[in-house]
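1. Just the structure for this:
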Amino acid sequence: MGIIPDRYMTELSRRLREGIQRYERGRVGGWLALSPLLVFLGVYLLSSLVEGDFYKIPVSSVFLIASIWAVFICKGKNIEEKIAIFSQGAGDKNVLLMIWIFVLAGAFAATAKQIGAIDATVNLTLKILPGKLLYAGLFLAACFISMSVGTSVGTIVALVPIAAGIASETGCSVAFITAIIVGGAFFGDNLSFISDTTIAATRTQNCSMSDKFKANLSIAAPAAVIVSVIYVVMGLSVNYSPQIGAVDWVLLLPYILIIALSISGMNVSVVLLCGLAVNAIIGFSTGCAGWSDFLGAVGNGISGMGDLIIVTLLAGGMLEVIRVCGGLDFIVEGLTKHVKGKRGAELGIAALVSLANLCTANNTIAIITTGRIARELTEKFGLDPRKSASILDTFSCLIQGIIPYGAQLLMASGLAGISSVSIISHLYYPFTLGILAIFSILFRFPRRYS
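-> The predicted structure follows:
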């Protein structure tokens with residue numbers, strides 16, 4: 001191999017310095033880099049308090065304000081470059097994939113309603129589950145399906161329309177019933193062997209899935225039991241006995257297919273396309289829907305996801321600006337330099353992945369982003385990698401489950417026709433899981449992994 005001439009090395013060094021300078025010019029760092037998130041929270045809270053109604057303020061409007069602020073604080077770039085950064089985040093492949101799923105989910109839900117599949121599934125559910133065990137039964141069903149599917153989004157797509165139908169039949173709060181499904185969906189997302197968060201957490205911490213599952217189950221199982229008992233107790237006050245219609249078993253096929261294909265591990269987009277095709281076949285063959293009726297339902301379903309899609313695009317763009325401005329690096333540096341002792345290291349990992357999740361709105365990306373640092377803390381302070389993997393997965397799922405701009409709450413709110421914020425106060429399982437996870441760090445349990 002020949003020797004590189006000095007003039008080429010000089011030119012390479014010059015270009016490298018210029019590249020670093022351009023990179024640094026776009027970074028504001030510190031709390032200013034994170035201020036778009038603070039603006040979002042501040043504007044939403046203040047506006048809601050002034051109105052006296054936390055459900056009246058559209059999340060998309062607040063995101064627009066926060067996004068404008070994010071673009072404004074990005075220094076060292078002209079307006080075209082700032083907008084390009086924002087657009088790059090909004091057009092990220094993960095964001096767009098999420099949007100395609102929203103489109104297909106809206107179309108599937110609307111056509112399922114058009115042919116009567118939701119009403120048939122609701123009737124069957126009410127027949128199977130006694131009124132007093134309805135809440136606990138829905139939660140356990142969501143837990144089982146999410147464990148099998150390995151994705152919270154797939155579980156929400158399959159069950160939230162049914163839950164919303166049950167709410168209208170029984171007179172229960174739609175937000176409350178929807179939150180039951182969301183909580184159960186995150187149980188499986190946190191524990192399933194085929195969940196992407198499980199895979200990311202175990203790979204970054206270099207431990208087996210079965211070991212991480214055992215460490216995780218000792219925290220998640222008690223949380224699920226506690227929440228199930230709460231739902232049983234709450235269900236004792238349910239005295240409403242709805243008039244249950246006859247169950248048309250043919251109309252159950254779309255949801256049976258959705259659940260079965262999801263459990264088989266098929267891509268969620270393909271699952272929804274199959275469900276949409278089955279809805280069309282049933283609608284045409286039974287006369288429940290003609291061609292124009294079916295297309296109208298598809299259009300209405302997609303239109304119903306419009307606000308959800310806008311929020312997803314704005315969130316993706318804003319979070320990319322935060323990353324480019326150094327917000328994520330600021331979090332990492334601030335948390336890791338003050339860590340002392342095992343408790344501090346585990347709390348640091350929990351805080352690290354939680355804040356990263358706030359800035360990315362994607363629990364898998366948050367784990368991948370912070371996994372290497374968590375591994376370094378694990379080795380430095382002699383932590384058990386199984387416990388570290390459990391902390392990464394648990395706290396990322398916790399934050400993902402309670403942020404109003406996360407895919408799961410946006411999807412659930414879109415399918416149920418309510419605000420994503422209205423669901424948060426009813427999320428018993430995520431909050432119970434979070435409390436037990438913090439206790440497991442402070443009080444060093446399970447002992448075997450601490």
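2. Would you map out the domains in the protein?
-> Here the domain parsing of the chain from automatic domain parsing is 94-196+215-307, 320-449.
3. just those domains: most buried one?
-> Highest mean neighbour count among the domains of the chain (mean count of other C-beta atoms under 10 Å): domain 320-449, with a mean of 22. Where C-beta positions appear, they are placed from N, C-alpha and C, glycine not excepted.
4. Distance to Leu64 and mean pLDDT added to the domains of the chain, as CSV?
-> Formatted as CSV, the domains of the chain follow (distance: least, C-beta to C-beta, whole Å; pLDDT from 0 to 100):
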stretch, distance to Leu64, mean pLDDT
domain 94-196+215-307, 12, 84
domain 320-449, 12, 86
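5. Quick one: closest of those to Ala33.
-> Among those, the nearest to Ala33 by C-beta to C-beta is domain 320-449 (3.6 Å).
6. From start to finish, how long is that closest one in a straight line?
-> 36 Å (C-alpha to C-alpha, to the nearest Å).
7. Can you give the distance of it from its chain's centre?
-> Its chain's average C-alpha position is 12 Å from that of domain 320-449, according to C-alpha atoms, centre = their mean, to the nearest Å.
8. ok, now stretch 270-278?
-> 22 Å.
9. Ok, stretch 153-161 next?
-> For stretch 153-161 - counting by C-alpha atoms, centre = their mean - the centre lies 12 Å from the chain centre.
10. ok, now stretch 319-339?
-> 21 Å.
11. Kindly check the end-to-end length of that stretch for me.
-> 26 Å.
12. Which among the domains of the chain is found nearest to Val62?
-> Nearest of the domains of the chain (C-beta to C-beta): domain 320-449, 9.5 Å.
13. Nearest to Thr204 among the domains of the chain would be which one?
-> domain 320-449 (2.7 Å).
14. For the stretch 101-250 of the chain, which segments count as helices?
-> Secondary structure of the stretch 101-250 of the chain by DSSP state H, counting those that start in this stretch: the helices cover 117-128, 134-149, 152-170, 174-191, 196-205, 209-235.
15. Gly296 is nearest to which of those?
-> It's helix 117-128; of the helices of the stretch 101-250 of the chain, that one is closest to Gly296 (C-beta to C-beta) at 16.5 Å.
16. Name the surrounding residues that touch that closest one.
-> Outside helix 117-128, the residues that touch it by C-beta atoms under 8 Å, 6 or more residues apart in numbering are 109, 112, 134, 137-138, 161-162, 165-166, 169-170, 242, 244-249, 251-255, 279, 282.
17. Could you dump the domains of the chain into JSON lines and include distance to Ser47?
-> Below are these laid out as JSON lines (distance: least, C-beta to C-beta, whole Å):
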{"stretch": "domain 94-196+215-307", "distance to Ser47": "17"}
{"stretch": "domain 320-449", "distance to Ser47": "12"}
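18. Which one of these lies nearest to Trp31?
-> Nearest of these (C-beta to C-beta): domain 320-449, 7.6 Å.
19. so who does Ala201 touch?
-> Residues in contact with Ala201 (C-beta under 8 Å, 6+ apart) are Lys212, Ile367, Gly371, Ala389, Ser390, Leu392, Asp393, Ser396.
20. Keep only those of those that are in helices.
-> In helices, judged by DSSP state H, the following of the contacts of Ala201 are found: Lys212, Ile367, Gly371, Ala389, Ser390, Leu392, Asp393, Ser396.
21. Let me have those residues in JSON lines, adding distance to Ala412 as columns.
-> Converted to JSON lines, the ones in helices among the contacts of Ala201 look like this (distance: C-beta to C-beta, whole Å):
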{"residue": "Lys212", "distance to Ala412": "27"}
{"residue": "Ile367", "distance to Ala412": "22"}
{"residue": "Gly371", "distance to Ala412": "27"}
{"residue": "Ala389", "distance to Ala412": "27"}
{"residue": "Ser390", "distance to Ala412": "25"}
{"residue": "Leu392", "distance to Ala412": "24"}
{"residue": "Asp393", "distance to Ala412": "21"}
{"residue": "Ser396", "distance to Ala412": "18"}
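22. before we move on, the earlier item: and of the contacts of Ala201, the nearest to Ile145?
-> Asp393 (18.7 Å).
23. pretty sure the closest one contacts Ile199?
-> No: at 9.8 Å, Asp393 does not count as touching Ile199 under the criterion of C-beta atoms under 8 Å.
24. quick one on the thing from earlier: right, and the domains of the chain - which one's nearest Ser60?
-> Across those, closest to Ser60 is domain 94-196+215-307 (C-beta to C-beta), at 5.5 Å.
25. what about the closest one, start to end distance?
-> 18 Å.
26. Not counting its neighbours along the chain, what's nearest Leu313?
-> Nearest residue to Leu313, sequence neighbours excluded (C-beta to C-beta, 6 or more residues apart in numbering): Ala90, at 4.4 Å.
27. Can you tell me which of the domains of the chain is nearest to Trp69?
-> Using C-beta to C-beta, the domains of the chain put domain 320-449 closest to Trp69, at 9.5 Å.
28. what sits against Asn94?
-> Residues near Asn94 by C-beta under 8 Å, 6+ apart: Asn362, Ile365.
29. Check the gap between it and Asp196 for me.
-> Applying C-beta to C-beta, to the nearest Å, the value for Asn94 to Asp196 is 11 Å.
30. Repeat that for Ala120.
-> Ala120 is 32 Å from Asp196, by C-beta to C-beta.
31. So for Val268, which of the helices of the stretch 101-250 of the chain sits nearest?
-> Proximity to Val268 (C-beta to C-beta) singles out helix 152-170 among the helices of the stretch 101-250 of the chain, at 5.0 Å.
32. now for that closest one, which elements pack on it?
-> Applying 3 or more C-beta pairs under 8 Å, 6 or more residues apart in numbering; DSSP states H and E, one finds that helix 152-170 contacts helix 93-115, helix 117-128, helix 134-149, helix 174-191, helix 253-263, helix 268-286, helix 385-402, helix 407-416.
33. repeat that for 6 Å
-> Contacts defined by 3 or more C-beta pairs under 6 Å, 6 or more residues apart in numbering; DSSP states H and E place helix 152-170 against helix 117-128, helix 134-149, helix 174-191, helix 253-263, helix 407-416.
34. out of the ones you listed, nearest to Leu46?
-> helix 407-416 (21.2 Å).
35. What is that closest one packed up against?
-> Counting by 3+ C-beta pairs under 6 Å, 6+ apart, helix 407-416 packs on helix 152-170, helix 174-191, helix 420-424.
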